[in-house]
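Student: no sequence on this one, just coordinates:
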């Protein structure tokens, strides 16, 4: 967990320092939101299914022999 927070902190610090990269990320997020709004409500339903499916898949652990 500490490693995850450290990586997020480094990424956030880099976004604060690098304005061209920050603008690329913000424009990408804005484009994704506009695309979701264009195809809503089905796009939100699809996004929710993908997010819940990803969460369920990440929580699953394969059975291991004892």
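Tutor: Looks like it came in fine. This is a predicted model, so every value here is computed, not measured.

Student: Tell me where this protein is predicted with low confidence.
Tutor: For the chain, no stretch has pLDDT under 70.

Student: Which stretches in it count as strands?
Tutor: Taking DSSP state E, the chain contains no strands at all.

Student: okay, which residue is most central for it?
Tutor: Geometric centre of the chain, nearest residue: residue 51, 9.2 Å, by C-alpha atoms, centre = their mean.

Student: Name the nearest residue to residue 21, sequence neighbours excluded.
Tutor: For residue 21, ignoring the flanking residues on the chain, the nearest one in space by C-beta to C-beta, 6 or more residues apart in numbering is residue 15 at 6.6 Å. Bear in mind the C-beta positions are built from the backbone N, C-alpha and C, glycine included.

Student: Was I right to think that neighbour contacts residue 22?
Tutor: Yes. With contact defined as C-beta atoms under 8 Å, residue 15 reaches residue 22; the gap is 4.9 Å.

Student: Check what contacts stretch 29-36 and list those residues.
Tutor: Outside stretch 29-36, the residues within contact range by C-beta atoms under 8 Å, 6 or more residues apart in numbering are 43, 44, 47.

Student: Please apply the same query to stretch 37-47.
Tutor: By C-beta under 8 Å, 6+ apart, stretch 37-47 touches 35, 36.

Student: now the helices: where do they sit in this structure?
Tutor: For the chain, the helices defined by DSSP state H occupy 2-17, 19-38, 42-59.

Student: Can I get those in a markdown table including distance to residue 65?
Tutor: Below are the helices of the chain laid out as a markdown table (distance: least, C-beta to C-beta, whole Å):
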| stretch | distance to residue 65 |
| --- | --- |
| helix 2-17 | 29 |
| helix 19-38 | 43 |
| helix 42-59 | 21 |
